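> I need the structure of the sequence given here:
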Amino acid sequence: MQADVDDPQTLISAFRGAHVIFAVTDFRAPYIAAFEEKSKIPDRETCEYAHAIEVRGGKNIVDAAEAVLKEEGSKLERVVSRTLPGFKEQSKGKHTYAYHFDSNAVISYLKEKNELWEKSSLLNMGFYADNIRYGGFMGAAKDMQDGVYIYRKPCKPTAVHPFVVPGDTVLFVSLLFNSPPKQDLLGVVRWFHRSST
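As a prediction, the model looks like this:
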């Protein structure tokens, strides 16, 4: 079964008969796809473009899930939405350009759908450990001498960072499915700080 987040009818068809929906949107794909063209103009435009696509996709998922829930004989028991905390909101407007986080934080739209929200939970994922392989992304660099990745962040030595292995996502979704709704879980496999090995 395939669905396209830009085509709500395909989402409804895919969701029909489901007991659980695990909703994930994608900021990076539209960002990377548009980067060559949009990088000729200020970087914010590329981020704003990807942000708008991710927000639209997230709202389409919510609308399709709500439509399926309202169908007679719906089997939908839980929607688990992968999200991230909104930097703009949490910093009270100080940090306004963390588009990837803020586009995931449109969860307020889900909460407006009262009947659907009563069957929903949120999954905040830590940093995906696999992303460290992408060089400078996430402040990591590979030590070419011994092949070890070195994680560096401009932060206090006491700061801790949540990491997760993507393959463990199913464990977190299962936990939320088997728990009462309206949970807000931070999925973490391991906490790292500057002195972690």
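> in the helix ranked longest in the chain, what counts as buried?
Counting by DSSP state H, the longest helix found in the chain is helix 43-70. Neighbour-count burial for helix 43-70, with 16 or more other CB atoms under 10 Å as criterion, is recorded at 46-47, 49-51, 53-55, 57-69. For glycine as for every other residue, the C-beta is placed from the backbone atoms N, C-alpha and C.
> Tell me how many other residues crowd T83.
For T83, the tally of surrounding residues (other CB atoms under 10 Å) stands at 22.
> I meant to write N104 there.
Residues lying near N104 (other CB under 10 Å) number 25.
> Spatially nearest residue to it (excluding sequence neighbours)?
For N104, ignoring the flanking residues on the chain, the nearest one in space by CB to CB, 6 or more residues apart in numbering is L84 at 3.9 Å.
> cool, M1 as well?
Closest residue to M1 apart from its sequence neighbours, by CB to CB, 6+ apart: A14 at 5.0 Å.
> For the one you found, give me the pLDDT.
Looking at A14, its pLDDT is 97.
> next structured bit after the longest helix of the chain?
With elements assigned by DSSP states H and E, the helix or strand that comes after helix 43-70 is strand 78-83.
> quick one: that next one to helix 43-70, angle?
Relative orientation of strand 78-83 versus helix 43-70 (axes from the mean of the first three to the mean of the last three CA atoms, to 10 degrees): 180 degrees.
> Can you give me the buried ones in the helix or strand following strand 78-83?
Counting by DSSP H and E, the element after strand 78-83 in chain order, helix or strand, is helix 87-90. Within helix 87-90, the residues that count as buried by 16+ other CB under 10 Å are 87-88.
> got a list of contacts for helix 87-90?
95-96, 98, 101-102, 105 (CB atoms under 8 Å, 6 or more residues apart in numbering).
> Of the residues you listed, which belong to helices?
Counting by DSSP H, the contacts of helix 87-90 contribute 101-102 to helices.
> Which one of the contacts of helix 87-90 is nearest to E118?
A105 (20.5 Å; CB to CB).
> quick one: pLDDT of the closest one?
At A105, pLDDT is 66.
> L176 now?
Note for L176: predicted pLDDT of 96.
> Next, the buried residues of the helix or strand it falls within.
Per DSSP H and E: L176 is located in helix 169-177. For helix 169-177, burial by neighbour count (16+ other CB under 10 Å) applies to 169, 172-173, 176-177.
> Which strands or helices does it pack on?
Helix 169-177 sits against strand 20-23, strand 78-83, strand 120-125, strand 184-187, with contacts defined as 3 or more CB pairs under 8 Å, 6 or more residues apart in numbering; DSSP states H and E.
> Surely the residue nearest to N104 touches F101?
Yes - between L84 and F101 there is a contact under CB atoms under 8 Å: 4.5 Å.
> And for the residue nearest to N104, the neighbour number?
Around L84 there are 18 residues (other CB under 10 Å).
> OK, contacts around it?
By CB under 8 Å, 6+ apart, the neighbours of L84 are 100-101, 104-105, 124-125.
> what are the phi and psi values for it?
With angles defined as degrees, to the nearest 10, L84 sits at phi -140, psi 150.
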